[in-house]
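[1] Below is the sequence, then the predicted model.
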Amino acid sequence: MEQGGGEADVRWWWAALAGCLVLVAVPFFVIDVPPLLDYPNHLARLYVLAHVASDPVLGAMYAPHWSILPNLGLDIVGVPLVKLLPVHVAGRILLYAAALMPTIGVIVYHRALFVRRSYGPLAATAFAFNAIFFAGFAAFLYGVGLALIGAALWIRWRERELAVRVAATVATGIVLFFCHMLALFYFLVLVVAHEAAAAWPLDVAGRRRALESLGILAGGLLPTLLLYGLSPFAGDTGASIWQYGNKLTLLLTPFMTYSQWVTVGSALVLAALVAVCALRGRWIRIDRGALLAVVLVLAVYAVAPSRMHGGAVIDARLPLLALLTLAGGIGVQVSRRSALVLGAVVAALIVVRTGSVSASWAEHRQDLAAFRSAIAPVMPGERVLVVSGTRAAHSGYFLSEPRSRMLPGFYYRLDEHLPALLVIERHAFWPYLFADPRQQPITVRPPYAAIAWPLGEPPAPADIATDDGPGAYLSDWPAHFDYVLLLDAGAIDASKLRPDRLQPIVRTDAATLYRVRKG
């Protein structure tokens, strides 16, 4: 096993870690609802599950539906937290932990590989904010960190008793199942790559050790396979969609922020740091198992679909896994002076990226205030249909809108699920709450179920040009909804949106609220 430089001074190492934790926390004090794609929707579900039993309005619309589900971890942790704390405080705590979990996993994984404490893994903090975080995939990020920790335990306990190794594998598999299935895949890649590297060359002893490890892995994951078979997720294959045109762009997902300049600059700085260390010969060492895991993850990325088995943005998550594996698998051995220079560069990178995120979130406060003023007239129990103005917008609109609504290089708008605040703050019905019992522990009660589209996206204005829009939930929509909320209203001439059926109530660039004219 390769060593990664001298042991870092314990006090200075903990001080450096504390500094990283503080820097990552700064943006969460800027705004109460950060502009992340899926986050408001997940938070609304946690809020409903926390209060549905005590709130008759929410109880009339939704019902808990607890079952064996792969993505249950966020609900298990989040619901008690939302009961205990104000909803937006609890939400930011969950987000902060999700941002840091991959870095914690990298630190533990690196320590298992190199057996020494090092400053190198702290560099992963620079990429705590990335496209996957901005997409709001908190459960996945928890799973990634836990997968790295699970792989670290596998490596550290490689010489322990058989019962201990099997028990650890069983526990890791079950925990990762309840976080995210892709996190379970990541754990398998890390373990198989490590065992393959350790067994090479495949002499008699290597083959025996490899077979023993594969047997422990297979036996330890049997309970996880049983859970999967019992879950409704197993029978929900869904459609797989491949998008090869943007594979090169999505390699930047670990670096993506709201600023294109910061995204590209971060990638170039990291590449330069690795190149300098590599060119210095003995400065850098890479664990063979980690390197093989990086190769395997990137090979899967090359052929992975963007949608699969009911999940979205599948392939875009894999470059982040490759970067985290590399961060944990690299050992850097430099002089004290060189270490200070490298540390200063990494610290500057963390400050720039965190500062850029903080600035974008501060800018989003104006959008958030305008949105809240738009939904203020909505009363508890009323039904709101959301329409997206940007689906019909001229491309010139995107050049002038706030940058917190978009992530350059990413193919989703980040404000699409902001109307989940209708559920949290107005106790109104919103058709797009993540309430599919095949994926979430919640279901929509009738008659609201007929106008719900749990995994759908807001339609374009053209879809409500007639009273019978496309899709069952839009059939005779004027009779079923009390309001229409137009997202990104500045993108189109909002005055022309069905004046026969819609009466403007509150107009803002972020959103415009219309009352539905009945009859």
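    Ah, there it is.

[2] what helix or strand does residue 182 sit in?
    helix 181-199 (DSSP states H and E).

[3] what about the helices in the stretch 101-250 of the chain?
    131-134, 138-156, 162-179, 181-199, 204-220, 222-230, 247-250 (DSSP state H, counting those that start in this stretch).

[4] So which residues of the chain form strands?
    Shown for the chain, the strands assigned by DSSP state E span residues 62-64, 284-286, 307-308, 311-312, 330-332, 384-388, 442-444, 483-487, 502-507, 511-516.

[5] quick one: strands adjacent to the first one?
    In the sheet containing strand 62-64, its partner strands are strand 442-444 (antiparallel), by DSSP bridges.

[6] The last one too?
    Sheet pairing of strand 511-516 (DSSP bridges) gives strand 483-487 (antiparallel), strand 502-507 (antiparallel).

[7] what does the fifth one give?
    Sheet partners assigned to strand 330-332 using DSSP bridges are listed as strand 284-286 (antiparallel).

[8] roughly how far is the strand it pairs with from the heart of the chain?
    Relative to the centre of its chain, strand 284-286 is centred 29 Å away, using CA atoms, centre = their mean, to the nearest Å.

[9] what helices or strands is the helix holding residue 182 leaning on?
    With contacts defined as 3 or more CB pairs under 8 Å, 6 or more residues apart in numbering; DSSP states H and E, helix 181-199 has these neighbours: helix 138-156, helix 162-179, helix 204-220, helix 288-303, helix 318-329. C-beta here means a position set from N, CA and C on the backbone, and glycine is covered the same way.

[10] circling back to that earlier point, for residue 78, find the nearest of the strands of the chain.
    strand 442-444 (12.3 Å; CB to CB).

[11] Contacts for the closest one, please.
    With CB atoms under 8 Å, 6 or more residues apart in numbering as the contact definition, strand 442-444 has outside contacts at 45, 48-49, 61-65, 433-435, 437, 449, 452, 454.

[12] could I get the strands paired with strand 511-516 as a markdown table with mean pLDDT and mean neighbour count?
    Putting the strands paired with strand 511-516 into a markdown table (pLDDT from 0 to 100; neighbours: other CB atoms under 10 Å) gives the following:
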| stretch | mean pLDDT | mean neighbour count |
| --- | --- | --- |
| strand 483-487 | 94 | 25 |
| strand 502-507 | 93 | 17 |
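
[13] and the ones you listed as CSV, adding distance to residue 518?
    Shown next, in CSV, are the strands paired with strand 511-516 (distance: least, CB to CB, whole Å):
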stretch, distance to residue 518
strand 483-487, 12
strand 502-507, 11
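
[14] circling back: can you tell which of the strands of the chain is closest to residue 218?
    Of the strands of the chain, nearest to residue 218 by CB to CB is strand 307-308, at 23.6 Å.

[15] for the protein, what are the low-confidence residue spans?
    For the chain, the stretches flagged by pLDDT under 70 are 1-8, 202-204, 206, 234-239, 280-283, 310, 391-396, 398-399, 411.

[16] distance of the closest residue to residue 196 other than its chain neighbours from residue 285?
    Excluding the flanking residues, the one nearest residue 196 by CB to CB, 6 or more residues apart in numbering is residue 292, at 6.1 Å. Distance from residue 292 to residue 285, counting by CB to CB, to the nearest Å: 15 Å.

[17] Between these two, tell me which one has more neighbours.
    Neighbours around residue 292 and residue 285, counted as other CB atoms under 10 Å, are more numerous at residue 292. The numbers are 21 against 17.

[18] Could I get the contacting residues of the more buried one?
    So residue 292 contacts 193, 196, 197 (CB under 8 Å, 6+ apart).

[19] Return a PyMOL selection command for the buried portion of those.
    Restricted to buried positions by 16 or more other CB atoms under 10 Å, the PyMOL selection for the contacts of residue 292 reads:
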select buried, resi 193+196
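
[20] Among the contacts of residue 292, pick out the one closest to residue 81, please.
    Residue 81 lies nearest to residue 193 out of the contacts of residue 292, by CB to CB, at 35.0 Å.

[21] Pretty sure that closest one sits against residue 290.
    Yes: assessed by CB atoms under 8 Å, residue 193 is found in contact with residue 290 at 7.2 Å.

[22] one step back: can you pick out the most distant pair from the contacts of strand 442-444?
    The two members of the contacts of strand 442-444 with the most space between them (CB to CB) are 49 and 449, at 17.1 Å.

[23] Those two: which is more packed in?
    More crowded of residue 49 and residue 449, by other CB under 10 Å: residue 49, with 24 against 14.

[24] show me what contacts the residue nearest to the spatial centre of the chain?
    Centroid-nearest residue in the chain: residue 137, 1.9 Å away (criterion: CA atoms, centre = their mean). By CB under 8 Å, 6+ apart, the contact list for residue 137 reads 38, 313, 317.

[25] coming back round to it: buried residues, the helix holding residue 182. List them.
    Result for helix 181-199 [16+ other CB under 10 Å]: buried residues 181-196, 198-199.

[26] before we move on, what about stretch 10-26?
    Buried residues in stretch 10-26, counted by 16+ other CB under 10 Å: 13, 16, 17, 20, 23, 24.

[27] what does stretch 284-297 give?
    For stretch 284-297, burial by neighbour count (16+ other CB under 10 Å) applies to 284-294, 296-297.

[28] which among those gets closest to residue 470?
    residue 297 (38.5 Å).

[29] from memory residue 168 sits against residue 154, does it?
    Yes: using CB under 8 Å as the test, residue 168 is close enough to residue 154 to be in contact (7.1 Å).

[30] and those two? which has more neighbours close in?
    Between residue 168 and residue 154, counting by other CB under 10 Å, residue 154 is the more crowded of the two (23 against 18).

[31] Next up, the contacts around residue 483.
    Counting by CB under 8 Å, 6+ apart, residue 483 makes contact with 377, 378, 382, 383, 384, 385, 505, 513, 514, 515, 516.

[32] between the residues you listed, which is nearest residue 118?
    Lowest distance from residue 118 to the contacts of residue 483 (CB to CB) belongs to residue 384, with 51.7 Å.

[33] burial count for the closest one?
    22.

[34] and the gap between it and residue 515?
    Taking CB to CB, one finds residue 384 at 11 Å from residue 515.

[35] Touching both of those two, which residues are there?
    With CB under 8 Å, 6+ apart, residue 384 and residue 515 have common neighbours 482, 483.

[36] Residue 102 contacts residue 145, doesn't it?
    Yes: with contact defined as CB under 8 Å, residue 102 counts as touching residue 145 (4.9 Å).

[37] Of these two, which one has the most company?
    Each of residue 102 and residue 145 has its neighbours counted (other CB under 10 Å); residue 102 has more, 32 against 24.

[38] Give me the distance between that one and residue 270.
    Taking CB to CB as the measure, residue 102 falls 15 Å from residue 270.

[39] again, but for residue 148
    As judged by CB to CB, residue 148 and residue 270 stand 19 Å apart.

[40] counting contacts, what elements does the longest helix seen in the chain pack onto?
    For the chain, the longest helix by residue count, based on DSSP state H, is helix 336-375. In terms of contacts (3+ CB pairs under 8 Å, 6+ apart), helix 336-375 is packed against helix 10-25, helix 260-279, helix 421-426, strand 502-507, strand 511-516.

[41] Lovely, talk soon.
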